[in-house]
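Asker: how does the following fold in three dimensions:
(4 chains)
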Protein chains: 2
Amino acid sequence: MAEDIFKALSDPTRRHILDELVERDGQTLFEICARLTAKHGLGLSRQAVSQHLAVLESAGLIHARRQGRYKFHDVNTEPLEQIVTRWLRPDTPEGTS
Amino acid sequence: MAEDIFKALSDPTRRHILDELVERDGQTLFEICARLTAKHGLGLSRQAVSQHLAVLESAGLIHARRQGRYKFHDVNTEPLEQIVTRWLRPDTPEGTS
DNA sequence: AGCATAGGCAAGTGAAGACTTGCCTATCAA
DNA sequence: TTGATAGGCAAGTCTTCACTTGCCTATGCT
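Answerer: Purely as a prediction, here's the structure:
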């Protein structure tokens, strides 16, 4: 479960999606598709991005909230702190910002 | 080049190798093999570990120094700071510990 | 010299995963 | 209620990658 975040980060497209959501939170699938194409030159199908979002969500890196026919995606960078406490600052008592 | 660190971190064995080297720096290939088997229950061939070390080195996460017939491996966690500045603390002026 | 140790190179196999295609469901507006 | 929009599901393809196997080089010891 905690190991899923590394699998999630291993794909460049998923990292671009994270970049995109950090810059502008709460985007829908179609918005993310459009911005990936426009800003990063990635010609991806909607399904491809949808699957990437599923991976990111199961890793806990984003959270999706449904609202009508829209589904908004919010980032959650908190799981990334594991990387810091695992290798960068191993002696940190697990809860220090 | 900077993106290689994510590919390097995507494999569980490579993460265990990092754990091992953070705990005890400067190990040889055979030492790492032995400790992966003993402490993590991984039955890997020497080549497998060697290839993992190559990936970690090309990602800049470890540095190898040859000495006689031994080759010692040292960790370098500095590339991991990119993850922090990319998503966790994006406004950090790129050089603040 | 000869043998053992420490490591490297390269081709082959098998599985994981990124992406597509085609079809289906749900919400909203006219 | 019809049509358009936003999203989901389930194969199928094709590439990447982890690992093995077999052989080769280099250093050190006796």
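Asker: C-alpha coordinates for stretch A:33-50, CSV please?
Answerer: These are the backbone C-alpha positions of stretch A:33-50, laid out as CSV (Å, rounded to 0.1, in the frame of the first residue of the first chain):
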residue,chain,number,x,y,z
CYS,A,33,-6.3,15.7,-20.9
ALA,A,34,-6.4,19.1,-22.6
ARG,A,35,-3.6,20.6,-20.5
LEU,A,36,-1.4,17.6,-21.0
THR,A,37,-1.8,17.9,-24.7
ALA,A,38,-1.3,21.7,-24.7
LYS,A,39,1.4,22.2,-22.2
HIS,A,40,3.4,19.0,-22.4
GLY,A,41,2.7,17.9,-26.0
LEU,A,42,1.3,14.6,-25.0
GLY,A,43,-1.3,13.1,-27.3
LEU,A,44,-3.0,10.7,-25.0
SER,A,45,-6.4,9.2,-25.2
ARG,A,46,-8.9,9.9,-22.4
GLN,A,47,-8.7,6.3,-21.2
ALA,A,48,-5.0,6.5,-20.8
VAL,A,49,-5.3,9.5,-18.6
SER,A,50,-8.2,7.9,-16.7
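Asker: tell me the buried residues in it?
Answerer: Buried residues in stretch A:33-50, counted by 16 or more other Cβ atoms under 10 Å in any protein chain shown: A:33, A:35-36, A:42, A:44, A:49. For glycine as for every other residue, the C-beta is placed from the backbone atoms N, C-alpha and C.
Asker: quick one: mean pLDDT for it?
Answerer: Here stretch A:33-50 scores 92 as its mean pLDDT.
Asker: next one: stretch A:53-72
Answerer: Here stretch A:53-72 scores 96 as its mean pLDDT.
Asker: tell me the contacts of residue A:63?
Answerer: Neighbour list for residue A:63: A:57, A:73-74, A:76 [criterion: Cβ atoms under 8 Å, 6 or more residues apart in numbering or on different chains].
Asker: buried subset of these?
Answerer: Here, 16+ other Cβ under 10 Å leaves residue A:73 buried among these.
Asker: pipe the buried residues of stretch A:33-50 into JSON lines and attach distance to residue B:6 and secondary structure per row.
Answerer: As requested, the buried residues of stretch A:33-50 are arranged in JSON lines below (distance: Cβ to Cβ, whole Å; DSSP: H, G, I helix; E, B strand; the rest coil):
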{"residue": "A:33", "distance to residue B:6": "22", "secondary structure": "helix"}
{"residue": "A:35", "distance to residue B:6": "21", "secondary structure": "helix"}
{"residue": "A:36", "distance to residue B:6": "17", "secondary structure": "helix"}
{"residue": "A:42", "distance to residue B:6": "17", "secondary structure": "coil"}
{"residue": "A:44", "distance to residue B:6": "18", "secondary structure": "coil"}
{"residue": "A:49", "distance to residue B:6": "18", "secondary structure": "helix"}
